[in-house]
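Participant: Output the structure for:
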Amino acid sequence: MKMKNGFIKTVLLIILITRGFVSSAQENRKELLSSKTAKNKIPYSVMSLSAQYIGTAISDSNWYNWCISPLQTKDGKIHIFGSRWPKKDGMEGWTGPKAEIAHFVSDKPEGPFKYVGTIMKTAMLPDTTVMAGPHNPRLEYVDGKYILLYICQNPTIGSKGQRIGMMIADNINGPWRFAGNNKGIMVEPSKDPSHWTYNAAIGADNPAFLKIGKKYYIYYKCGTPEQMKAKYGYAVSDKLEGPYVLCDEPITDNVSYLEDAQAFAYKKNYYLLTADNLGGNTGIYGDLILWKSATGLSFKLADAQIAMGNIFDYWGTPQQKDALLNNKRTFVRDVTGKFERPAVLFIKGKPAYFYAVADVNIHGLSVSESYIFKINWK
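Facilitator: Okay, the predicted model is just below:
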């Protein structure tokens, strides 16, 4: 009987692996498959080695779904604010007039998520002559209010025009209003030639948020004099709706390009979750970084860990990967399947799930989609 049960379990596991529901390396990992051809410069986190692929978060064959920001409300529901744009506009449609930030909801972290409505698109911005393409949503709850951070383009100055805005609401379902006294804009590069953000390559983008003590911090990425030298800084205010003052120097000591931060606090420490697109910081191309700080005002690589690998570290088999990449229909932005716009979801005050879009669609669709992972945080 024991042999029969063991045989059945083995067969079931093989079926699950073949169908891509679990990774062959999912249990008891000591390293990630993506590190086979490179040496990691910083240690793995427990999260990175124990994460389990659950399924798809947001997917629609008619839309590119990209940025993803999850939040659990007091009623237990999981809300996601995500960026999306029509498939017919192509991958670069994220800056276009039909790009939007949409609201999705589910009764549980694993989904399925249902579209609720559109929170923002270009036509809804306060001044469409200098504001377009809302993107990079970060959804937070602070002081009894919901806030949405986002970026928008300034079409009058092209790619240099990214700025960070804020919307605010008393209820997750709205109504939402633009915060502050500057048409929602909270952070933009300095006009002072001596400041480190002056003449930033594309502006200030990729926002994250924390309240530390009685002060409010909006974290932002700025690349000067070129985007590939981007570092993170913060803007601080005594009031949620600003005005915000830029920090005097970068707060990350990264040696290679990074982006896509989420900020959160847990057990007296502060964290930034970022991408390491080129691998110069982690040693592994496309891995994610978990930065740790006692103050939230400075983040050092010496205190960082690898947060996650890429989608193929957690899903599928080498054969499935090859089939996806050889399928001309499959959305492939980067063959590594690296993650973009990562986010950790807290359940009852503890990090419990990880969400991100991947640079390869593991279902073979011709658009991007986002995924859900169960994580073990220690």
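Participant: Flag the shaky bits of the protein, pLDDT-wise.
Facilitator: Within the chain, the segments meeting pLDDT under 70 span 1-28.
Participant: mind listing the helices for it?
Facilitator: Ranges of helices in the chain, per DSSP state H, are 2-19, 46-50, 318-326.
Participant: residues in contact with the shortest one?
Facilitator: Pointing back at helix 46-50 there. 29-32, 287-288, 290, 305-309, 351, 354, 375-378 (CB atoms under 8 Å, 6 or more residues apart in numbering). (Each C-beta comes from the backbone N, C-alpha and C, glycine too.)
Participant: Distance-wise, check the residue nearest the centre of the chain relative to residue 85.
Facilitator: Centroid check for the chain by CA atoms, centre = their mean gives residue 341 as the closest residue, at 2.2 Å. Residue 341 sits 14 Å away from residue 85, going by CB to CB, to the nearest Å.
Participant: Next: residue 322.
Facilitator: 29 Å.
Participant: same question, residue 295
Facilitator: Where residue 85 is concerned, residue 295 sits at a distance of 38 Å (CB to CB).
Participant: ok, now residue 371?
Facilitator: Distance from residue 371 to residue 85, by CB to CB: 19 Å.
Participant: Name the residue in residue 295 and residue 85 with the higher neighbour count.
Facilitator: residue 85 (25 against 10; other CB atoms under 10 Å).
Participant: looking at it, that one is touching residue 67, isn't it?
Facilitator: No: judged on CB atoms under 8 Å, residue 85 makes no contact with residue 67 at a distance of 11.0 Å.
Participant: give me every residue that touches residue 40.
Facilitator: Residue 40 neighbours (CB under 8 Å, 6+ apart): 31, 282-284, 287, 306.
Participant: Ramachandran coordinates for it?
Facilitator: Backbone torsions of residue 40, given as degrees, to the nearest 10, read phi -70, psi 140.
Participant: how close does residue 100 get to residue 236?
Facilitator: Taking CB to CB, one finds residue 100 at 30 Å from residue 236.
Participant: Give me the more crowded residue out of those two.
Facilitator: Applying other CB under 10 Å to residue 100 and residue 236 shows that residue 100 carries more neighbours, namely 22 against 15.
Participant: Chain neighbours aside, what residue packs nearest to that one?
Facilitator: residue 121 (3.9 Å; CB to CB, 6 or more residues apart in numbering).
Participant: And residue 62, by the same measure?
Facilitator: Counting by CB to CB, 6+ apart, the residue nearest residue 62 is residue 87, at 5.3 Å.
Participant: What of residue 327?
Facilitator: residue 364 (5.5 Å).
Participant: residues of stretch 128-139 that come out buried?
Facilitator: Going by neighbour count (16 or more other CB atoms under 10 Å), the buried part of stretch 128-139 is 130-139.
Participant: And residue 304, how far from residue 255?
Facilitator: Taken as CB to CB, the span from residue 304 to residue 255 is 12 Å.
Participant: ditto for residue 191
Facilitator: Applying CB to CB to residue 191 and residue 255 gives a distance of 28 Å.
Participant: neighbour-wise, which of residue 304 and residue 255 wins?
Facilitator: residue 304 (26 against 11).
Participant: Spatially nearest residue to that one (excluding sequence neighbours)?
Facilitator: residue 291 (4.9 Å).
Participant: For burial, what's the neighbour tally of the one you found?
Facilitator: 26.
Participant: Now do the same contact list for it.
Facilitator: 252, 271-274, 299-301, 303-304.
Participant: Bridged to it, which residues?
Facilitator: residue 272 (DSSP bridges).
Participant: do you know how far it is from residue 272?
Facilitator: 4 Å.
Participant: between these two, what contacts are shared?
Facilitator: 252, 299.
Participant: who does the closest residue in space to residue 109 that isn't next to it in sequence bridge with?
Facilitator: Spatial nearest neighbour of residue 109, excluding adjacent residues (CB to CB, 6+ apart): residue 353 at 4.8 Å. Per DSSP bridges, the residues bridged to residue 353 are residue 345, residue 374.
Participant: ok, how many other residues are close to residue 192?
Facilitator: Neighbourhood size, residue 192 [other CB under 10 Å]: 10.
Participant: Tell me if I'm right that it and residue 198 touch.
Facilitator: Yes: under the criterion of CB under 8 Å, residue 192 makes contact with residue 198 at 6.0 Å.
Participant: need the contact list for the residue lying closest to residue 59 once chain neighbours are set aside.
Facilitator: The shortest distance from residue 59 to any non-neighbouring residue, by CB to CB, 6+ apart, is to residue 369 (3.8 Å). Contacts for residue 369 (CB under 8 Å, 6+ apart) come out as 56-60, 65, 357-358, 361, 363.
Participant: Compare those residues and tell me which is most surrounded.
Facilitator: Most surrounded of the contacts of residue 369: other CB under 10 Å gives residue 57, at 28 neighbours.
Participant: How about it: what's its closest non-neighbour residue?
Facilitator: residue 370 (4.2 Å).
Participant: Tell me how many other residues surround the one you found.
Facilitator: 27.
Participant: Tell me what it is bridged to.
Facilitator: residue 357.
Participant: Roughly how far does it sit from residue 126?
Facilitator: Residue 370 sits at a distance of 28 Å from residue 126 (criterion: CB to CB).
Participant: quick one: residue 127 from residue 136, how far?
Facilitator: Look at residue 127 and residue 136: by CB to CB, they are 19 Å apart.
Participant: cool, residue 289 as well?
Facilitator: 18 Å.
Participant: now swap in residue 194 and tell me
Facilitator: 28 Å.
Participant: Kindly report the same for residue 176.
Facilitator: 16 Å.
Participant: got it, and residue 349?
Facilitator: 26 Å.
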